[in-house]
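**Student:** build me a model from this:
(one chain, ligands or ions: 2)
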Amino acid sequence: MGGPGSGKSIFGIQYLYKGATEYGEPGIYVTLEETPQKIRRNILSFGWNLKELEEQRKIVIVDAVSHRIQETELDHEILKKGLDVENMIVNLEDAIKDIGAKRLVLDSLSVMGMYTETDFDMRTKLLRLSGSLATHDITTLVITEAQSEDVGTTVFPPETFMFDGVLTLRLDTDSQERRISIRKMRGTKHVIGAYRFEITDDGIQVIP
Ligand SMILES: Nc1ncnc2c1ncn2[C@@H]1O[C@H](COP(=O)(O)OP(=O)(O)OP(=O)(O)O)[C@@H](O)[C@H]1O
Ligand SMILES: [Mg+2]
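**Tutor:** Ligands and ions are numbered 1, 2, ... in the order given. Below is the predicted model:
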């Protein structure tokens, strides 16, 4: 989780890109925000060719929202009904089996929240999704927008307790430095601290 421009999407895509190119782990990127075209274009600035990996079936981008909105030109009924999570789950299960995915990124939970009417509705959808993903041998990174600078230090959104791990990305307003922390990682001994990182031509680099 992190504020706007903190590097969440780049972190997510880098996780999939490195998985596909260096660890033999295919991955799926579910976008509720930017279009696949825009993601492919932006990420080319790091020299990462997603198109190539998509053709090799090592990465799949699932566009969970924008095609429906384009088709209906912001049809109010569709927006009111919200995101069709059941349909999304079916698509994801197909894609996971299809490429043998080991990694999944959902970008983002906060946008998913915009398509749900109530907290109850949101929780139900999340539980359905996590229940379905739990049946696969897959690690899911869920990106979420931080509502406050202190998120992960003094402020914790309710969903924090649902996940096995929480990473926070921050761009400090005063020092203009980027910092990454592990807030929790169940079952793992991990470092504690806010580590500086930079977004370079090669993507995210943590400064030890
Ligand atoms: N090629 C690049 N080289 C260096 N820095 C870059 C490059 N491309 C993007 N950035 C930095 O990364 C930021 C965007 O990162 P990213 O899209 O991952 O943020 P985000 O946390 O997903 O934001 P949002 O909440 O708006 O989706 C830009 O604001 C810019 O500072
Ligand atoms: Mg983003």
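
**Student:** all helices of this protein, in order?
**Tutor:** Taking DSSP state H as the test, the helices found in the chain are 8-22, 36-43, 50-55, 66-72, 76-81, 85-99, 109-114, 119-133.

**Student:** list the buried ones in the second one?
**Tutor:** Of the residues in helix 36-43, those buried by neighbour count under the rule 16 or more other CB atoms under 10 Å are 36, 39-40, 43. Bear in mind the C-beta positions are built from the backbone N, C-alpha and C, glycine included.

**Student:** OK, contacts around Arg186?
**Tutor:** 164-165 (CB atoms under 8 Å, 6 or more residues apart in numbering).

**Student:** i'd like the first residue to be 93 from this point on
**Tutor:** I'll keep to 93 as the first residue from here, and by that count the last item is Arg278.

**Student:** ranking the helices of the chain by burial, who's on top?
**Tutor:** Mean neighbour count, computed with mean count of other CB atoms under 10 Å, is highest for helix 100-114 among the helices of the chain, reaching a mean of 20.

**Student:** quick one: that helix to helix 128-135, angle?
**Tutor:** Counting by axes from the mean of the first three to the mean of the last three CA atoms, to 10 degrees, helix 100-114 lies at 80 degrees to helix 128-135.

**Student:** quick one: list the elements packing against helix 100-114.
**Tutor:** When contacts are defined as 3 or more CB pairs under 8 Å, 6 or more residues apart in numbering; DSSP states H and E, helix 100-114 sits against strand 119-123, helix 128-135, helix 142-147, strand 151-155, strand 195-199, strand 231-235, strand 257-263, strand 295-298.

**Student:** strand partners of the first one, parallel vs antiparallel please.
**Tutor:** Paired neighbours of strand 119-123 in the sheet (DSSP bridges): strand 151-155 (parallel), strand 195-199 (parallel).

**Student:** quick one: Gly95 and Ala238 touch, right?
**Tutor:** Yes - taking contacts as CB atoms under 8 Å, Gly95 lies within contact range of Ala238: 4.9 Å.

**Student:** dihedrals phi and psi, the closest residue in space to Ala156 that isn't next to it in sequence?
**Tutor:** Counting by CB to CB, 6 or more residues apart in numbering, Ala156 lies nearest to Leu124, which is 5.0 Å off, once chain neighbours are set aside. Backbone torsions of Leu124, given as degrees, to the nearest 10, read phi -110, psi 0.

**Student:** that'll do, ta.
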